[in-house]
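Engineer: A structural model of the following input is requested.
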Amino acid sequence: MTRYFEENLSRQIHALELLASLLEEEFADLRDRKPQDVSALEFSIQELMRQIGMERRSLRAMIEAAFPGMRRVREIVGVLPAESAANLAAFLRELDRREQSCAIQADKNRQLAMGLYDQSMRLLKQLHQAVDPGRSDMYSRRGRYAHTPQSQASVFNGRL
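Structural biologist: Model (predicted):
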């Protein structure tokens, strides 16, 4: 029975290894400003995350079937013989280590993506301000230079 648990944890570890490489590739594409490549990688990352989730649900179902009332690997480690418990604990440590490295890389990617987004928004706002003619010095609908109305009232100019 522990062999199935070890195989499942091994698959999760390999999936996290692949996820780490995809996240590093995404970071490189973000740094090189290749949005199409980032989008393509994002689909692969999301699919891989879905598969990892399925593996975890499968593992929990196996644990519940073998050990009623228990759902997590850490709970069954105390129940198993010493050798099997040590192997599963080693798998869990490796899984945690890889999860942490993926989380760190994902946070780096998020920070870089948000920085690029903020930079793009500031540039776009600056371009809009440069193109916007404002209230003065603009042309009318007929293509003539429109004079802005005087701020003084007509009565003071002597006109009625």
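Engineer: And for residue 63, the neighbour number?
Structural biologist: 21 (other C-beta atoms under 10 Å). In this view, the C-beta of every residue, glycine as well, is placed from N, C-alpha and C.
Engineer: what's the helix or strand for it?
Structural biologist: Taking DSSP states H and E as the definition, one finds residue 63 inside helix 35-66.
Engineer: Just the buried residues of that helix, please?
Structural biologist: 38, 41, 45, 52, 59, 63 (16 or more other C-beta atoms under 10 Å).
Engineer: and if you look at stretch 2-9?
Structural biologist: Result for stretch 2-9 [16+ other C-beta under 10 Å]: buried residues 5, 6, 8, 9.
Engineer: Then stretch 74-88?
Structural biologist: 76, 77, 80, 84, 87, 88.
Engineer: hang on, the earlier thing: quick one: list the elements packing against the very next helix or strand once past the helix holding residue 63.
Structural biologist: Once the chain leaves helix 35-66, the next helix or strand it forms, by DSSP H and E, is helix 73-77. Counting contacts by 3 or more C-beta pairs under 8 Å, 6 or more residues apart in numbering; DSSP states H and E, helix 73-77 packs against helix 2-31, helix 35-66, helix 82-131.
Engineer: got the angle for the helix holding residue 63 vs helix 82-131?
Structural biologist: Calculated by axes from the mean of the first three to the mean of the last three C-alpha atoms, to 10 degrees, helix 35-66 forms an angle of 150 degrees with helix 82-131.
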